[in-house]
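**Student:** the amino acid sequence is not available; the structure is as follows:
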Ligand SMILES: O=C(O)c1ccccc1NCC(=O)[C@H](O)[C@H](O)COP(=O)(O)O
């Protein structure tokens, strides 16, 4: 199972993360209203960090997204707003970076609405619907994913914490298309600053490298 750690914004914290956790993905927020927003003055240092990087965007223009892909050497683009299938198709024509479409989950999930993205995106990412778009620390009803109808892989997100490991494993058994988890505010000492030891514990428990007490 893959691990994405999202919302990093300080170089030394990123370096610690890579050394001690070695996640599969590191998420960078390019949404200026977020407390985890990455400032462009860091681009040179961030680019040097040796881990596949995911840029998180909320209803931005194609030009803005492509500029960040180039400046930060992004391996994946996470579209976290109301980006249409047309937008995704246009973006896909202009980049080799993976495209992940976020589905903000409220009370229910409408699979019909998502069908048009299949074939255009590399994975879905299911997160809890919130006015701030992301980083809410709240879980949605994961049981809604039991009926996931597509082959395209998906990530689980929204309020995942150390106590979630067993439920994540159970969901993986029910839905093999679950390819990874996205970790954020439940592993922070303050917005944008990660508790690397806590993240390492999560990884070891998830991968069965240590048992849960
Ligand atoms: O984290 C943010 O500040 C954020 C703001 C606006 C859009 C997306 C944002 N985060 C994107 C993520 O992928 C988060 O990891 C995801 O929302 C889960 O966060 P959390 O509920 O804190 O685990």
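**Tutor:** Happy to help now that I have it. Predicted, not measured: the structure shown is a model, and the values here were computed from it.
**Student:** pretty sure residue 55 contacts residue 26?
**Tutor:** No. In this structure, residue 55 sits apart from residue 26 without contact. The criterion is CB atoms under 8 Å, and the distance is 10.3 Å. The way it works is simple: take the backbone N, C-alpha and C, and place the C-beta from them, glycine included.
**Student:** how about residue 9: what's its closest non-neighbour residue?
**Tutor:** Counting by CB to CB, 6 or more residues apart in numbering, residue 192 is the residue found nearest to residue 9 once chain neighbours are left out, at 4.0 Å.
**Student:** repeat for residue 156
**Tutor:** The spatially closest residue to residue 156, leaving aside those adjacent along the chain, is residue 181, at 5.2 Å (CB to CB, 6+ apart).
**Student:** ditto for residue 201
**Tutor:** In space, residue 201 comes closest to residue 162 once its chain neighbours are excluded; the distance is 6.3 Å by CB to CB, 6+ apart.
**Student:** ok, and the closest non-adjacent residue to the residue most central in space within the chain?
**Tutor:** In the chain, the residue lying closest to the centroid (CA atoms, centre = their mean) is residue 182, at 4.7 Å. When the adjacent residues along the chain are set aside, residue 182 lies closest to residue 157, with 3.7 Å between them (CB to CB, 6+ apart).
**Student:** what does the chain have sitting close to the ligand?
**Tutor:** Those residues of the chain that sit near the ligand, judged by CB under 6 Å from any ligand atom, are 6-7, 27, 29, 31, 34, 36, 56, 58, 80, 127, 132-137, 157-160, 182, 184-186.
**Student:** circling back: how about the residue nearest to residue 182, what does it touch?
**Tutor:** With contact set as CB atoms under 8 Å, 6 or more residues apart in numbering, residue 157 has these partners: 6, 102, 125-128, 134, 181-182, 184.
**Student:** low-scoring pLDDT stretches of this structure, where are they?
**Tutor:** In the predicted model, the chain carries pLDDT under 70 at residues 211-213.
**Student:** ok, longest strand in it?
**Tutor:** Scanning the chain for the strand with the most residues, using DSSP state E, yields strand 98-105.
**Student:** list the buried ones in the next helix or strand after that one?
**Tutor:** Using DSSP states H and E, the helix or strand that follows strand 98-105 towards the C-terminus is helix 111-114. Using 16 or more other CB atoms under 10 Å as the test for burial, helix 111-114 gives residue 114.
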